[in-house]
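Peer 1: got a predicted model here, sequence first, then my questions.
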Amino acid sequence: MKKLIFVLIIGLLLGTAVFADHPGFGIGIVGGGYGGWSGHGYGYPGLSLKIPNAPIFWGFYFPLYEPQHFSMGITSDIYLFDRSLVTKELTNEDGTYKLKLDWYLGLGGFINLYFWWKDALIDFGLRVPVGLSWHIIKQLELFGGIYPGIGFWFGSPWPVHFIIGGELGLRLWLFK
C-alpha cells in the first residue's frame, strides 16, 4: 500500500518535467470540494499552486469540518485544453483594459488522507477538471470549475465511488 502511494507521488512529480510548457508562478487561495469526499459538504479551504515551466496545477486542501479528525487532500491537474473564450480590449472611464476569459478541460488526480482516533482512510482517484478563468488583470485570475471523476477508498467497505466536486479560487501570477 505504501509503495503504491509512493509510486503515484513520484510519477506525478516526474510528470511535470515531461510536459513542461506553462511559464509563470501562480499561487492563490481556493475553496471547494476537493477530490471526492462526497460524505461531507463543500467549502474546504486550500492553496492553489502553479510552478513555473510545469503544466501541473496543484491544490492542497485542509478540511476543518470535525475537530477530532485530521485530513488533507492533494490534487494535481494537467490542462489538455486551455483556450480563450474572450480576449478583447475595452475602454472605460479610467482608460483601456484587456478582458480575458478562458475555459479549460483537463485530466487530474487526487489523494485524500483521513485520520481519526485509531482509524485511517485513503481515498484516491481520477478527475476531469472543466472550468472558466477570468484574468481580472494580468497578474490576478479568478477561476472556478467542476470536477467529475471516480475514486477508490482504502479502509472502507465501499471501495469505488463517483464524485462531482467543485472549486472557486483566486490566483496571483508572479513572473509571468
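Peer 2: Sure thing, it's come through.

Peer 1: show me where the protein has its strands.
Peer 2: Here the chain has its strands, by DSSP state E, at 25-32, 44-50, 56-61, 69-92, 95-116, 119-127, 130-137, 140-154, 160-174.

Peer 1: tell me the most buried of those?
Peer 2: Greatest average neighbour count among the strands of the chain goes to strand 56-61 (a mean of 22), per mean count of other CB atoms under 10 Å. Quick note: C-beta positions are derived from backbone N, CA and C, even for glycine.

Peer 1: what's in contact with stretch 127-145?
Peer 2: Identification of contacts with stretch 127-145 by CB atoms under 8 Å, 6 or more residues apart in numbering yields 26, 28, 35-36, 75, 77, 79, 85, 97-98, 100-110, 146-149, 163, 165-174, 176.

Peer 1: now find how far off-centre stretch 103-114 is within its chain.
Peer 2: Here the centre of stretch 103-114 is set off from its chain's centre by 6 Å, with CA atoms, centre = their mean, to the nearest Å.

Peer 1: quick check: mean pLDDT of that stretch?
Peer 2: Mean pLDDT, stretch 103-114: 89.
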